[in-house]
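Q: Let me see the structure of the following:
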Amino acid sequence: MLSTVPLLLALAPVALAAEQADLIIRHATVVDVEHATTHADQAVVVRGNDIVAVGEDRVIAKAWSASQRIDGKGRFLIPGLWDMHVHFGGGPELIEENKALLPLYIAHGITSIRDCSGDLPEQVLQWRGEIADGTLEGPQLFSSGAKIEGIKPVWKGTMEVGSQADLDAALARLKRDRVDFVKITDSTLSPALFLSAVRGARENGLRASGHIPMALTVQQAVDAGISSIEHLDYAYKAGVKDEAAIAADFAAKRIDRAEANRRLDAGFDHDTAMNAYRGFAAKGVYVTPTLNGGRILDFLDQDSHAQDPYLAYIGPKLQATYAWRVERAAKATPEQIAARHQNYHQVAAVLPMLQQAGVTIMAGTDAGFLNSYNYPGIGLHDELSLFVKEGLTPAQALSAATRAGPAWFGTLDRYGGIAEGRAADLVLLDANPLQDIQATRAINTVVLRGQVYDRKALDALLSQTRAKVAAWQAATTK
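A: Numbering: from 1, shown residues only. All right, here's what the predicted structure looks like:
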């Protein structure tokens, strides 16, 4: 009689080996920012820089094995945060103090930043490359390189443009530098060259961002093809009924800047604004409000920030750059202080109107040198808190800090969500940010390009910068 054992063995089910990965986050609640929903008891699998699987924990855990595991039970997983308006600068003597800011972003869950130009453009572009190739620890860094300006501007580290030939040369340099976008400011740049710079950036395949000259309307910049409006003041200006007349009078030197601002402050009209903002949305123009920077300066009479604990992370020479704005604010009369307060609230009221009109709002801090007490890292969480205070929902604020940046750069297929094929840039929180935006501050773990920073590692990053600052402080007091 023939044995049946071999046949039975052949018919027996064979256990499939689990696929190998570098990291698995188990039992987490995944936050779907796009749809403002959550998915409980999920597992997220990471291999290298990529998310390779997401799904129900019981299913994923059977299919995957990883060398590193994170228990996400009771916690909420969001895409990495983006700060879309930061600055590095203060001159060559401040290079190391600026470099010491990079870990602060990681420590606060910020995995990507957009440098909007200072006076260290070559250095920042070098950091961008070093971060990308893994030789420098820092968030993904996008940079405009040197900004485009007029002749002898107030801002240092700029490309001075006084003619179309100058502008052509500037744009050629930016292309050689392979910048991620173009930053244009308005200290001395002529209105005509400003518009030409915006158009030129577009023609060279680059997005343009910047400060709009008083002698132009915001609509003229939008029509020229500007991609993002930096600072909420300009969005406010677009809502002023006689903005065109004010711009024309300023251009003809019939009024000075103070009178132009007085007329702008008094001329805001809701219907005019909503019509302009719907136009922004239709043309894909984003707005970066940078509310926190304005709030700090406008209310220095109520909080001097001199005792802020976070100053322990800011180098002494960087702190010294704060002085000129602080001193200017200190000279204000009681009437000027009251006007500052009123102006802040007037401008902040524009934020929910932009949201209602369908404009994409990007979270950016304006943090860095010169901008007094506007701190890299924690500043983004302060900005999000202000977004909610001024009328956005927590979900809308979170989207501004996770999806708006990738959308602006055209990389939403890679960032801004938690799904197979997306980048392994993640933040594990102790609470639900869709219910309370303060939850973005309660960071348990950060994953950046697949590298895990647990709470101990995040605290070590903070300690590293704090120790450097303490050493620099000690050296300045000798």
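Q: quick one, what contacts Arg278?
A: Under the criterion of Cβ atoms under 8 Å, 6 or more residues apart in numbering, the contact list for Arg278 reads 357-358. From N, CA and C alone the C-beta is placed, and that goes for glycine too.
Q: which element is it on?
A: Secondary structure here is read from DSSP states H and E; on that basis Arg278 sits in helix 270-283.
Q: mind listing what's buried in that helix?
A: Within helix 270-283, the residues that qualify as buried by neighbour count (16 or more other Cβ atoms under 10 Å) are 272-273, 276-277, 279-281.
Q: Same check on stretch 50-62?
A: By neighbour count, and taking 16+ other Cβ under 10 Å as the criterion, the buried residues in stretch 50-62 are 50-55, 57, 60-61.
Q: Do a quick rundown of the strands in the stretch 201-350 of the chain.
A: Along the stretch 201-350 of the chain, the segments classed as strands by DSSP state E, counting those that start in this stretch run 208-210, 228-230, 286-288.
Q: Among these, which comes closest to Ile378?
A: Counting by Cβ to Cβ, Ile378 lies closest to strand 286-288 out of the strands of the stretch 201-350 of the chain; the figure is 18.0 Å.
Q: if I pick Thr440, what's in contact with it?
A: Counting by Cβ under 8 Å, 6+ apart, Thr440 has contacts 78, 81, 109, 381, 384, 398, 401, 427, 429, 433.
Q: for Ala238, same thing?
A: 217-219, 273, 276-277, 280.
Q: Kindly reformat those as CSV containing distance to Leu94 and pLDDT.
A: Formatted as CSV, the contacts of Ala238 follow (distance: Cβ to Cβ, whole Å; pLDDT from 0 to 100):
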residue, distance to Leu94, pLDDT
Thr217, 37, 98
Val218, 33, 98
Gln219, 38, 98
Ala273, 39, 98
Ala276, 39, 98
Tyr277, 38, 98
Phe280, 36, 98
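Q: now for the residues you listed, which pair is the farthest apart?
A: The most widely separated members of the contacts of Ala238 are Thr217 and Tyr277, with 14.1 Å between them, by Cβ to Cβ.
Q: picking that back up, could the strands of the stretch 201-350 of the chain be laid out in JSON lines, adding mean pLDDT?
A: Shown next, in JSON lines, are those (pLDDT from 0 to 100):
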{"stretch": "strand 208-210", "mean pLDDT": "96"}
{"stretch": "strand 228-230", "mean pLDDT": "97"}
{"stretch": "strand 286-288", "mean pLDDT": "98"}
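Q: would you turn those into CSV with mean neighbour count and distance to Val45?
A: Formatted as CSV, the strands of the stretch 201-350 of the chain follow (neighbours: other Cβ atoms under 10 Å; distance: least, Cβ to Cβ, whole Å):
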stretch, mean neighbour count, distance to Val45
strand 208-210, 27, 36
strand 228-230, 26, 34
strand 286-288, 27, 32
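Q: could those go into JSON lines alongside distance to Asp256?
A: Converted to JSON lines, those look like this (distance: least, Cβ to Cβ, whole Å):
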{"stretch": "strand 208-210", "distance to Asp256": "22"}
{"stretch": "strand 228-230", "distance to Asp256": "24"}
{"stretch": "strand 286-288", "distance to Asp256": "27"}
